[in-house]
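J.: Fold the stuff below for me.
(2 chains)
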Amino acid sequence: DAGITQSPRHKVTETGTPVTLRCHQTENHRYMYWYRQDPGHGLRLIHYSYGVKDTDKGEVSDGYSVSRSKTEDFLLTLESATSSQTSVYFCAISESSGLARANTGELFFGEGSRLTVL
Amino acid sequence: RKEVEQDPGPFNVPEGATVAFNCTYSNSASQSFFWYRQDCRKEPKLLMSVYSSGNEDGRFTAQLNRASQYISLLIRDSKLSDSATYLCVVNIGGSYIPTFGRGTSLIVHP
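T.: As a prediction, the model looks like this:
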């Protein structure tokens, strides 16, 4: 299994508080993603990164920011959490050597972070 | 219209049955296709990639139909352990942004 860990795994917080979720990988993979998963919506992309300090928005980026200061860490921050951000958050990494032929496109997921905003 | 669509199910089948899921995609520039499996309250994991020529892995067969823009997953001789949600994933050519379907739930009962 790919070395990818998320922390915290569970968090309960109150509306208006800041929250940071951390994704750490030991695979040296270039691409990292943050998804949220909600009933009836499936997995939706929040933000992704294609290199250190290179990030871009996904389809549900409002209310979220990210940072990637080194290859192994991708942080997701909720500046002021709202109840609508209660969800399960998954980090994923993608295998890429920079050679199209070698890029399988497979995603490896962390175990998820369950966030409840009261 | 959602870019990747799946019937959410659930598909409720007895052990030993054969079951098939389809997934349609809207972007004709899509180039990479995958099926992931997700168990309840767990992370998704790759089940199999879908190649143009189709591919088979034991009881699982995946097919791609570019003309009609869909991929399929066939499970033969279903086991109780096959109960899970099956996610269809599509990558548009030149992009590393995978797009997920909402998943199809399979329940295999004794």
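
J.: which residues of chain B fall in strands?
T.: Across chain B, reading from the start of the chain, the strands by DSSP state E fall at B:4-6, B:11-14, B:19-25, B:30-38, B:45-50, B:55-57, B:60-65, B:70-75, B:84-92, B:98-100, B:104-109.

J.: Apologies, that question was intended for chain A.
T.: With strands called from DSSP E, chain A shows them at A:4-7, A:10-13, A:19-25, A:31-38, A:42-51, A:54-57, A:64-70, A:73-78, A:87-94, A:107-109, A:113-117.

J.: which one of those lies closest to B:Pro14?
T.: In terms of CB to CB, the element of these nearest to B:Pro14 is strand A:42-51, at 27.0 Å. Heads up, the C-betas are built off the backbone N, CA and C, glycines and all.

J.: helices or strands up against the closest one?
T.: The helices and strands touching strand A:42-51, judged by 3 or more CB pairs under 8 Å, 6 or more residues apart in numbering or on different chains; DSSP states H and E, are strand A:31-38, strand A:54-57, strand A:64-70, strand A:73-78, strand B:98-100.

J.: Need the residues that contact the first one.
T.: Counting contacts by CB atoms under 8 Å, 6 or more residues apart in numbering or on different chains, the residues outside strand A:31-38 that touch it are A:21, A:23, A:25, A:43-50, A:58, A:60, A:64, A:66, A:68, A:74, A:76, A:85, A:87-94, A:96, A:107, A:112, B:96, B:98, B:100.

J.: Off-centre distance for that strand?
T.: Shown here is strand A:31-38, whose average C-alpha point lies 4 Å from the average C-alpha point of the whole chain (CA atoms, centre = their mean, to the nearest Å).

J.: The second one now?
T.: In terms of CA atoms, centre = their mean, the gap separating the centre of strand A:54-57 from the centre of its chain is 12 Å.

J.: May I have the strands that pair with that strand, each with its orientation?
T.: For strand A:54-57, the paired strands and their directions (DSSP bridges) are strand A:42-51 (antiparallel).

J.: tell me the angle of the strand it pairs with relative to strand B:84-92?
T.: Following axes from the mean of the first three to the mean of the last three CA atoms, to 10 degrees, one obtains 40 degrees for the angle between strand A:42-51 and strand B:84-92.

J.: between strand A:42-51 and strand A:31-38, how many degrees?
T.: Strand A:42-51 and strand A:31-38 meet at an angle of 160 degrees, taking the same axes, to 10 degrees as the criterion.

J.: List the contacts of strand A:42-51.
T.: By CB under 8 Å, 6+ apart, the surrounding residues in contact with strand A:42-51 are A:30-38, A:55-61, A:64-66, A:68, A:74, A:76, A:89-90, B:44, B:87, B:96-97, B:100-103.
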